[in-house]
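[1] One predicted model, sequence on top.
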Amino acid sequence: MEGYYMVTLPYKLGITSAILAGMAAFPLVFHLPTIEWFNAWAVTADIPEARDLETPLEVSIWAWNWMEPPLGTISFALLCSQYARSQMNNLGIHPYTRWIKARRGRALAEAFPKYDEKILAAYSETANLQDWEHFGWQEKQEQKQNLYKEQTENIDGTKKQS
């Protein structure tokens, strides 16, 4: 379905970012080669003596000096975002999702003009975004456009005879 990818892109970016950040956090705190690379690339902190880096927990004590501020800040920002989203859900506010579903309802109403626009919009509101590709409205709209094109060609007398 055309447009489905772009509609769901913000969700997919959020999911991918969360998974990658979660996976990167562990080696950036506990894995000595990763921490040494990151230290040389971004931090440039003094490296502790080898006896202070023998276990992953000792390594994490060194890495935590620079990993705690961003991880703590990101965790607090996510906590605030989750709280705000929860309160928006309590109030029934879903800005992006509502906009997408309203757009989908308008497209359905255009594709099926003989049906009641409010009923189509309500149907669109209740369906998940993943159901977008199962509506079939685009195919219906293309069929109408092809039929219209054929009719205008027949009226103009420009249709080629085979």
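    Cool, got the structure.
[2] E117 reaches A109, doesn't it?
    Yes. With contact defined as CB atoms under 8 Å, E117 counts as touching A109 (4.3 Å). For the C-beta atoms, the positions are set from N, CA and C on the backbone; glycine is no exception.
[3] more crowded one of the two?
    Taking other CB atoms under 10 Å, E117 and A109 do not tie; A109 has more neighbours (18 against 14).
[4] For the more buried one, give its distance to M23.
    Relative to M23, A109 is positioned 43 Å away (CB to CB, to the nearest Å).
[5] G14 too?
    From G14 across to M23, the span is 15 Å (CB to CB).
[6] go on, T34?
    As for T34, its distance to M23 is 12 Å (criterion: CB to CB).
[7] Among those two, which residue is more densely surrounded?
    Set T34 next to M23 and count neighbours by other CB under 10 Å: T34 wins out with 16 against 10.
[8] Can you tell me the number of residues neighbouring the closest residue to M88 other than its chain neighbours?
    Leaving aside its chain neighbours, M88 sits nearest to H94 (7.1 Å; criterion: CB to CB, 6 or more residues apart in numbering). Using other CB under 10 Å, H94 is surrounded by 13 other residues.
[9] No further questions, thank you.
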